[in-house]
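[1] please work out how this folds:
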Amino acid sequence: MNKETRDLLFDQAKQWILEAGATIRRKINDPITIQTKSNANDLVTTMDKETEQFFVGKIKSKYPSHYLFSEEGFGDKLSSLEGTVWIIDPIDGTMNFVHQKRHFAISVGIYQDGIGEIGFIYDVMADILYSAKKGEGAMKNGAKLPPLKTDLTLQESIVGMNHYWLCKNNLVKETAMQELVKQVRGTRTYGSAALEFAYVAEGIIDCYLAMKLSPWDIAAGKIIVHEVGGITTNISGNEFTMLDSDAVLTCHPAIHESILSEFLIKGKK
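    So this is what the prediction gives:
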């Protein structure tokens, strides 16, 4: 994708994201229908669906040759990332949206033939927009985020993770994760994968570890983190495929290898 095309897409996507966010804020206290998907904790609301349909309508009208890969199923069924693909989570952190009415985000990643070109994470209620263009760095509300600092140790790090890692699970021994928690400075849980990626990029946390994320959970965040020098892989150290769900590690490059080898890979054995 050339710079002119990227800039035009960036401006258009930003306009739609801010418009969608304004609608959510306006309707935040309206009655909503809440349903469950895979389990009682996997929520979807009428607002999730309406927001996704808003993006589908806008994208398909203006860019009919583009594809849309999205959480609620109103987009295209894809077997590859060939062409221009918008990967969208209309409300990332639906449980926060339902219970707290804050700490949720609109996440939009735009990929060209599998390469991340543009990423947006919009903290709707705080009106904070994280964004990135390939090769041009990342921004927070238009101000450029600095590259991640180089002098970081594991003992100085704050790790984003949820408590399921500390219980018996089929990915990594809980004792390995308990040891990680003992070694780092602290842990945090925010309830929105997109926002946790944004916080890694901003340096608010130094690592985010998730058991199972889908492409729309990480599509924008992966681009934004990469633009400040961060690394995103699965918990085996391999590339996230962007078409399937997987466990994810995104973090500061200074601690990526040690968390990966000492706690995740060894923790599987």
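[2] residue 178: neighbour count?
    By the measure other CB atoms under 10 Å, the count of residues near residue 178 is 14. For every residue, glycine as well, the C-beta is placed using N, CA and C.
[3] how near is the nearest residue to it once chain neighbours are set aside to residue 117?
    In space, and not counting its chain neighbours, residue 178 is closest to residue 166: 5.8 Å by CB to CB, 6 or more residues apart in numbering. Look at residue 166 and residue 117: by CB to CB, to the nearest Å, they are 37 Å apart.
[4] verify the stated contact: residue 250 with residue 206.
    No. Look at residue 250 against residue 206 with CB atoms under 8 Å: they stay out of range, at 10.2 Å.
[5] give me the common contacts of these two.
    Residues touching both residue 250 and residue 206 (CB atoms under 8 Å, 6 or more residues apart in numbering): residue 200.
[6] which one's more surrounded, residue 166 and residue 117?
    Legend: neighbour count by other CB under 10 Å for residue 166 and residue 117, higher for residue 117 (21 against 15).
[7] wasn't that one part of a helix?
    No. Looking at residue 117 with DSSP: H, G, I helix; E, B strand; the rest coil, it is strand, so not inside a helix.
[8] for the residue nearest to residue 268 when sequence neighbours are not counted, give me phi and psi.
    Nearest residue to residue 268, sequence neighbours excluded (CB to CB, 6+ apart): residue 172, at 5.8 Å. In terms of degrees, to the nearest 10, the main-chain angles of residue 172 are phi -140, psi 140.
[9] alpha carbons of stretch 90-102, as CSV, please.
    Provided in CSV are the C-alpha atoms of stretch 90-102 (Å, rounded to 0.1, in the frame of the first residue of the first chain):
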residue,chain,number,x,y,z
PRO,A,90,-17.0,-3.1,17.4
ILE,A,91,-16.8,-3.2,21.2
ASP,A,92,-13.8,-4.9,22.7
GLY,A,93,-14.5,-5.4,26.4
THR,A,94,-18.2,-6.1,26.2
MET,A,95,-18.4,-7.2,29.8
ASN,A,96,-16.9,-3.8,30.9
PHE,A,97,-19.4,-2.1,28.6
VAL,A,98,-22.3,-4.0,30.2
HIS,A,99,-21.3,-3.8,33.8
GLN,A,100,-19.1,-0.6,34.1
LYS,A,101,-20.0,1.5,31.0
ARG,A,102,-16.3,2.3,30.6
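[10] which parts of that stretch are buried?
    90-98 (16 or more other CB atoms under 10 Å).
[11] show me what contacts the residue nearest to residue 268?
    165, 235, 263-264, 267-268.
[12] and it, how far from residue 3?
    Taking CB to CB as the measure, residue 172 and residue 3 are separated by 41 Å.
[13] after whichever strand or helix holds residue 224 comes which helix or strand?
    Using DSSP states H and E, residue 224 sits in helix 215-227. Per DSSP H and E, the first helix or strand lying C-terminal to helix 215-227 is strand 231-234.
[14] what lines up beside that next one in the sheet?
    strand 246-251 (antiparallel) (DSSP bridges).
[15] what angle do the partner strand and helix 215-227 make?
    20 degrees (axes from the mean of the first three to the mean of the last three CA atoms, to 10 degrees).
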